[in-house]
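Visitor: My questions are about this predicted structure, shown below with the sequence.
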Amino acid sequence: MTAVDAVRKKMWDRDYFSQWLGIELQEVAVGYCRAAFVVRKEMLNGHGIVQGGVLFSVADTAFAFACNAQGKLTVALEVGVNFIKPAAEGERLTIEARALHHGRKTGVYDVRVTNDKEELVCLFKGTCYTSSKNILD
């Protein structure tokens, strides 16, 4: 098992909320995460489309795994989100988080949530802070 795989496993085993959301981690690497989930009925708002908080949460999950894959405990400092296109029950959405920059202490990430037609549903930008604490300690 690689160090990235060990970090992924340790984080995932304790990430009950992301598990409840039904997120499937497809790939995790330093500065990168690709995941997917299916919009369920209980994720819909009063307009019958996926609730913005769900999109925020799945993007935040991919952001967290991409930021922390290097092995140091990393947390969000600031995030922003734009909801671009609605998604309905049953749609499978893909989340991709990519580092635009990850320095010694801070990083900036672009996270995109897309539908099966590769249309942008949600755009999330996150800034993170990296501590000196090792995740695997």
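Guide: Looks like it arrived, so ask away. Residues are numbered from 1 along each chain as shown.
Visitor: What residues of the longest strand seen in the chain count as buried?
Guide: As assigned by DSSP state E, the longest strand anywhere in the chain is strand 120-134. Neighbour counts over strand 120-134 (16 or more other CB atoms under 10 Å) mark V121, C122, L123, F124, K125, G126, T127, C128, T130 as buried. In this view, the C-beta of every residue, glycine as well, is placed from N, C-alpha and C.
Visitor: Determine the set of other helices and strands touching the lengthiest helix in the chain.
Guide: Ranked by number of residues, the top helix in the chain under DSSP state H is helix 52-68. Counting contacts by 3 or more CB pairs under 8 Å, 6 or more residues apart in numbering; DSSP states H and E, helix 52-68 is packed against helix 3-14, helix 16-21, strand 24-29, strand 32-38, strand 72-83, strand 92-102, strand 106-114, strand 120-134.
Visitor: Quickly run through the sheet partners of the fifth one, with directions.
Guide: As defined by DSSP bridges, the strand partners of strand 72-83 come to strand 120-134 (antiparallel).
Visitor: With adjacent residues omitted, what lies nearest to the most centrally placed residue in the chain?
Guide: Centroid-nearest residue in the chain: A62, 1.7 Å away (criterion: CA atoms, centre = their mean). Excluding the flanking residues, the one nearest A62 by CB to CB, 6 or more residues apart in numbering is A97, at 3.9 Å.
Visitor: pLDDT at that neighbour, what is it?
Guide: For A97, the model assigns a pLDDT of 98.
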